[in-house]
Structure formats: structure tokens, C-alpha cells
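Engineer: Predicted model and sequence follow; I will ask about them next.
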Amino acid sequence: MLAPEVFPFLKKLKENNTREWFKEHKAEHDEARNAVVHLSSQLFESLNNENQLDKHKVFRIYRDVRFSKNKTPYKIHFGISFHRQKPAFRGGYYLHIEPGASFLGVGFWGPNKDDLFRIRKEIEMDHECFSQMVNQAELLEHWGAMQGEQLKTAPKGFEKDSPGIEHLRFKQFLFIKNINDDQLFDANFESWMTNQFKTIRPFLDYMGEILNTDLNGESII
């Protein structure tokens, strides 16, 4: 479960998002971050019992403001990513920690050009199978509908009336599950989160099989 010192720091940072304040409270940040790193290690070990994970990472709290209209220097959340072992296992898991806005994320956040094309070709060739996968009853019960940034029209190389156009427009393939604050501080959070991710693994395995084969279904790894 999440250590109690994390949320108080994030709440204060949200109200005082300046370099001056952060410098004066750097010790509080370090304490909160260390708690998140500890949680990340525990979750990684638990997830790795039933997954082939490569690494886990706690993202830095510093924002890249170079191309953003929002110039506040710090994120008001902590994020943890869990990467599956490439090349055989694709996709990943994510935990977003923010008072009142925490969530779990699973899927493919920013597939590269080749991966995105391969996924789209599979959707076009066998949309019925893809649609069945993302609309499984258990998946929808736990995660809801697939989310992600979409194009407004057909992607380059595909027709507007292509089979599965409603899925071909996706640029990301994500499933999001909101978490209330109490869940994060529950003693059973670790096992609960592991079970939630277990329900989405068939989707990751399916997508991994697509990305690890060519258009003829032959392995490329």
C-alpha cells in the first residue's frame, strides 16, 4: 500500500508549484519519492510472479515545459511504469498516483510507426477478432472501453470504408481504470492491483503476437 506521507506532499506541491517552494521542501519530496520507489519495488515483485517483466521505473517529478503553455515546473503526481520483457512480450503497465485522480493504465501509449502500421493491418485483415478481444465481457467489466488518441479520418494507406475503421483511427491502444484514494492505502492494494492487471493480460498477449509476426503470421523474433 502507499505510504501516508506521499499525498500530503503532493497536495502541498499542487498549491505551491514554484521552484522556490520546492527547494525549501526538497526533503519532503525525497521522502515521498522514496516511499513511491519502495512501493514500485513491491509491486514489481508481485506482478512479476505472473508476468515477464523487464524493469520498473518511477518517473521524475520535473516537468519539461519547453513546448508547453503550462510553465509550472513540477508534476503534481508520481508515475510508475512496468515494462514487459521485449521482444517476446510487448506493452506495459502504469500506476498514476495523484490525490483524487489516481488510475491504472495498460497498453500501448506511443507505438512507433512500424508497430502502429502492423497493428492497423491486423485490424483491417481480421477486425472481427480484434473487436472480440477488446470487447470481452471480463475486460469491459474491469476496464471499460479501449481509449487513446484518435485520428479524425482514416490513417494514411487505409480507406475510409476499411473494415474496422472505428479502431483503425486509434493512435494509442489503452485501457484506464480509476482508483479512489482509499484503495491506494488499503493493505490489500498490491494483490488487488495484480489481479486487475491479470484481467487485461490476454489483450497484451494478443497484441504482442501481432507485433511479433509478419502479415503472413510468421514469427519475426
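Structural biologist: Received, thanks.
Engineer: Quick one: residues contacting the nearest residue to residue 3 once chain neighbours are set aside.
Structural biologist: Excluding the flanking residues, the one nearest residue 3 by CB to CB, 6 or more residues apart in numbering is residue 35, at 3.6 Å. (Glycine included, C-beta is placed from N, CA and C.) Each residue near residue 35 by CB atoms under 8 Å, 6 or more residues apart in numbering is listed here: 2-3, 5-6.
Engineer: wait, is residue 35 part of a strand?
Structural biologist: No: the assignment for residue 35 by DSSP: H, G, I helix; E, B strand; the rest coil gives helix, which leaves it out of any strand.
Engineer: I'd like the contacts of residue 35 as a markdown table, with secondary structure appended.
Structural biologist: Shown next, in a markdown table, are the contacts of residue 35 (three-state DSSP):
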| residue | secondary structure |
| --- | --- |
| 2 | coil |
| 3 | coil |
| 5 | coil |
| 6 | helix |
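Engineer: Quick check on those residues: which are buried?
Structural biologist: Buried members of the contacts of residue 35, scored by 16 or more other CB atoms under 10 Å, are 2, 6.
Engineer: Pull the most distant pair out of the contacts of residue 35.
Structural biologist: By the measure CB to CB, these have their two most distant members at 2 and 5, which lie 9.3 Å apart.
Engineer: What ranges does this structure have for its helices?
Structural biologist: Residue ranges of the helices in the chain, as given by DSSP state H, are 6-15, 19-24, 26-47, 113-125, 127-134, 137-143, 165-168, 181-184, 189-211.
Engineer: Give me the nearest residue to residue 51, chain neighbours excluded.
Structural biologist: In space, and not counting its chain neighbours, residue 51 is closest to residue 84: 6.6 Å by CB to CB, 6+ apart.
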